[in-house]
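> Below are the sequence and a predicted model; questions follow.
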Amino acid sequence: MRHIAFLILNLAVFIATPAHFSFAQAYFEVGFKGSPDKFVIKLVKEDQIAHARMILRKEPTAKTHILGTIVKSRAIYNARWGFYLEPTSIGFFENITAICDASPQYIENNLVSIGSDILPKSLWCPLSSQLSREVLIRHL
């Protein structure tokens, strides 16, 4: 009986504290000034999702460009490219001094060298990036 009471108490605590368990995710298409290339990012942090939506509503903010860590693998939501950005690493910036600017096509063409000779630590911060829209991704 004491064991059942303990389980019920733990379940009540779990249900009462949903902020500890976030299942938020949203996908955004990123365009690049002067290029037809499109790239999709997955955001999993509620504050980043809110910031991205604020950018799309054209609300005042200086941080409008994306940055994040490249993962050399395909993502179902970004199938055109052989890489994606690690969702937990994605952020927004206004100006940056790091040498991490490149087009998605340049990264794709040089994927084997990303993280070593090109874009050390796999950090990508495309200066021409701009969110173009939120996209709906349906998972099977």
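Perfect, thanks for sending it.
> contacts for the strand ranked longest in the chain?
If you go by DSSP state E, the chain has its longest strand at strand 35-43. Identification of contacts with strand 35-43 by C-beta atoms under 8 Å, 6 or more residues apart in numbering yields 25-32, 49, 52, 66, 68, 75, 77-78, 80-81, 84-85, 87, 90, 103-105, 128-129, 132, 135, 137. For the C-beta atoms, the positions are set from N, CA and C on the backbone; glycine is no exception.
> Which SSE is immediately downstream of it?
helix 46-56 (DSSP states H and E).
> buried sites along that next one?
Neighbour counts over helix 46-56 (16 or more other C-beta atoms under 10 Å) mark 48, 49, 51, 52, 54, 55 as buried.
> Reformat those as TSV; add pLDDT and distance to residue 116.
Formatted as TSV, the buried residues of helix 46-56 follow (pLDDT from 0 to 100; distance: C-beta to C-beta, whole Å):
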residue	pLDDT	distance to residue 116
48	96	28
49	97	32
51	97	31
52	97	30
54	96	36
55	97	32
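> What is the neighbour count of the residue lying closest to residue 100 once chain neighbours are set aside?
Using C-beta to C-beta, 6 or more residues apart in numbering and skipping the chain neighbours, the partner closest in space to residue 100 is residue 125 (4.1 Å). By other C-beta atoms under 10 Å, 20 other residues sit near residue 125.
> now the one 5 residues further on
Residues within reach of residue 130, counting by other C-beta under 10 Å, total 14.
> what's the answer for residue 36, then?
7.
> On the pLDDT front, check it for me.
Predicted confidence (pLDDT) for residue 36: 95.
> List the ones among the contacts of strand 35-43 that fall in helices.
Using DSSP state H, the members of the contacts of strand 35-43 that fall within helices are 49, 52, 104, 105.
> residues touching the first one, list them.
So the one you mean is residue 49. 24, 25, 26, 43.
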